[in-house]
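Trainee: predicted model, plus sequence, below.
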Amino acid sequence: MADPFPILDPADPRVLDGRIWEELCDTLRDAGAHVLRADLPATPLERAAGHRYLTQFLAAGINFCVAHADPDHPELTRMMDLNMRWGLDSPDCLYLVASLRGDARYRLWGDPGTANHLDIQVNAGHYAEGSIEALRTQGSLSGDDLQRGPDGRVEIFLGGAQRAENWLPLAVGARFVQLRQNFNDWSKERPADLWIERLGGPVSRPPLRTDQIAARIDLLRSWMREGGRLWQDMSQVMRSMPPNSVFSFAPEASAERSGLKGQAYCQGNFRCGPDEAVLFEFEPPPCRHWNISLANAYWEAIDFISRQSSLNGHQARLVPDGVFRAVIAHRDPGVPNWLDPAGHEEGTLIVRFILAEGPLPEPSARVLKLAEVRSALPDATPRVSPQAREATLRVRREALWRRYRR
């Protein structure tokens, strides 16, 4: 009988003698420098958050670079999670990813769910390279583009001959397909239930070779070293801006480098002392989806399951003038649009707009004493009791448990 696994293992010497593991351990030790940089705050809270971030970033890297790095037997997995937060992740978004290769064909099928906005994107390059320029979007489809069957299910093809609908090309350098699902009403919208398979390949997975595991561990080392440095550098750009300021940029440039097509951003920072509040204001334009979220100095979204550190267009309360007014404060100011920084006196923030109509707003911010918040807001601003706040947090938590169900 013919050998079902004809490719011989090249017997990578680093795997055989254990050097590959020693090199990984050296990389992990050196990665501690990401949280000890001189440009990062050195308070106990920030150091604790930094070391937790390293473990979460490592977990995400193991998942993406090692456990699900086989383009011949791809599996959709979470790129970010409640306990794998990195890269200025959006609390509204469920991120899925699967490995690809440019010379193969794939089928993606199932129930697309009911998220407010769905995007399927093929990318070349890899986040582990630590370079935005190394990433290149080869094509994308939104939920609006998909043709659905009578039962609402979809079948999407990646690579191979061009099809009239539900098709994305694969070119040289393709490495992964990324799915983004943005949820507006967390309690009602339902995540997709999708599968992916390579067409024309066997179901059985051949035994792992030493050169394959060596390549995946090397990719994980680059993830921790180069990828970690990229997010820290980008966070520092935001943090070095004047306190409580943002800048805007249009979606086109980002969409070419694995960013979400049609999404525009306002990015910046916040600084808020223990007895202060930051009043952050803008008028949301007509758009498919918008949100604002706080992140810490490591470009990690601040805990959004047990704290209201983010708000979107469904969750926010706007008074009749149509202006969104958020209050960043360490103690609950009793207003609907409180953004809780979870003890962080400084950090980064981002406002996202998907498929916005017209120009982006120019957000403004001013620092107040916490006691001045109520007088700085319109009279129509509702009051939120501690009991109502607790109920809101419970609704958030239960909705996120459903979204990230195991």
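Mentor: It's in.
Trainee: buried residues in stretch 231-238?
Mentor: Residues of stretch 231-238 classed as buried: 231-232, 234-235, 238 (neighbour count, 16 or more other Cβ atoms under 10 Å). No exception for glycine: its C-beta is placed from N, CA and C like everyone else's.
Trainee: looking at these, which is nearest Trp401?
Mentor: Trp231 (26.8 Å; Cβ to Cβ).
Trainee: can you tell me the SS state at the closest one?
Mentor: Following DSSP: H, G, I helix; E, B strand; the rest coil, the label given to Trp231 is helix.
Trainee: nearest spatial neighbour of it, skipping sequence neighbours?
Mentor: Nearest in space to Trp231, with sequence neighbours left out and distances taken as Cβ to Cβ, 6 or more residues apart in numbering, is Trp299 at 4.6 Å.
Trainee: in which helix or strand does the one you found reside?
Mentor: When elements are assigned from DSSP states H and E, Trp299 belongs to no helix and no strand.
Trainee: list phi and psi for the residue nearest to Asp12 when sequence neighbours are not counted.
Mentor: Nearest non-adjacent residue to Asp12, counting by Cβ to Cβ, 6+ apart: Thr210, 3.9 Å away. Main-chain torsions, Thr210, degrees, to the nearest 10: phi -60, psi -40.
Trainee: before we move on, what about Asp70?
Mentor: In terms of degrees, to the nearest 10, the main-chain angles of Asp70 are phi -100, psi 100.
Trainee: give me every residue that touches it.
Mentor: For Asp70, the contacting residues are 99, 205, by Cβ atoms under 8 Å, 6 or more residues apart in numbering.
Trainee: just after the helix or strand of the chain with the lowest mean pLDDT, pick out the following helix or strand.
Mentor: Sorted by mean pLDDT, DSSP states H and E, the helices and strands of the chain end with helix 251-255, the least confident at a mean of 69. Toward the C-terminal end, the helix or strand that comes next after helix 251-255 (DSSP H and E) is strand 263-271.
Trainee: now do that next one: everything it contacts.
Mentor: Residues contacting strand 263-271 (Cβ under 8 Å, 6+ apart): 88, 238-239, 241, 243-251, 254-255, 278, 280, 282, 294, 328, 341, 345-354, 356, 360-361, 363, 365, 367.
Trainee: list the buried residues in it.
Mentor: Within strand 263-271, the residues that count as buried by 16+ other Cβ under 10 Å are 263-271.
Trainee: ok so, going back, list buried residues within the contacts of strand 263-271.
Mentor: Counted by 16+ other Cβ under 10 Å, the contacts of strand 263-271 give 88, 238-239, 244-246, 248, 251, 254-255, 278, 280, 282, 294, 328, 341, 345-354, 356, 360-361, 363, 365, 367 as buried.
Trainee: the stretch 51-200 of the chain: strands as residue ranges?
Mentor: Assigned by DSSP state E, counting those that start in this stretch, the stretch 51-200 of the chain shows strands spanning 77-78, 93-99, 105-111, 117-124, 136-142, 154-158, 167-168, 174-182, 193-199.
Trainee: how about JSON lines for those, with mean pLDDT and distance to Glu398 added?
Mentor: JSON lines is the format used below for the strands of the stretch 51-200 of the chain (pLDDT from 0 to 100; distance: least, Cβ to Cβ, whole Å):
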{"stretch": "strand 77-78", "mean pLDDT": "96", "distance to Glu398": "19"}
{"stretch": "strand 93-99", "mean pLDDT": "98", "distance to Glu398": "16"}
{"stretch": "strand 105-111", "mean pLDDT": "98", "distance to Glu398": "22"}
{"stretch": "strand 117-124", "mean pLDDT": "98", "distance to Glu398": "22"}
{"stretch": "strand 136-142", "mean pLDDT": "96", "distance to Glu398": "28"}
{"stretch": "strand 154-158", "mean pLDDT": "98", "distance to Glu398": "28"}
{"stretch": "strand 167-168", "mean pLDDT": "98", "distance to Glu398": "35"}
{"stretch": "strand 174-182", "mean pLDDT": "98", "distance to Glu398": "18"}
{"stretch": "strand 193-199", "mean pLDDT": "98", "distance to Glu398": "20"}
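Trainee: CSV for the ones you listed, including mean neighbour count?
Mentor: Listed next are the strands of the stretch 51-200 of the chain as CSV, based on neighbours: other Cβ atoms under 10 Å:
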stretch, mean neighbour count
strand 77-78, 16
strand 93-99, 22
strand 105-111, 18
strand 117-124, 23
strand 136-142, 19
strand 154-158, 21
strand 167-168, 18
strand 174-182, 24
strand 193-199, 16
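Trainee: export the ones you listed to JSON lines and tack on distance to Ala38?
Mentor: Formatted as JSON lines, the strands of the stretch 51-200 of the chain follow (distance: least, Cβ to Cβ, whole Å):
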{"stretch": "strand 77-78", "distance to Ala38": "33"}
{"stretch": "strand 93-99", "distance to Ala38": "31"}
{"stretch": "strand 105-111", "distance to Ala38": "45"}
{"stretch": "strand 117-124", "distance to Ala38": "33"}
{"stretch": "strand 136-142", "distance to Ala38": "33"}
{"stretch": "strand 154-158", "distance to Ala38": "44"}
{"stretch": "strand 167-168", "distance to Ala38": "44"}
{"stretch": "strand 174-182", "distance to Ala38": "34"}
{"stretch": "strand 193-199", "distance to Ala38": "44"}
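Trainee: wait, which of those strands is closest to Arg402?
Mentor: Closest among these, using Cβ to Cβ: strand 93-99, at 11.0 Å.
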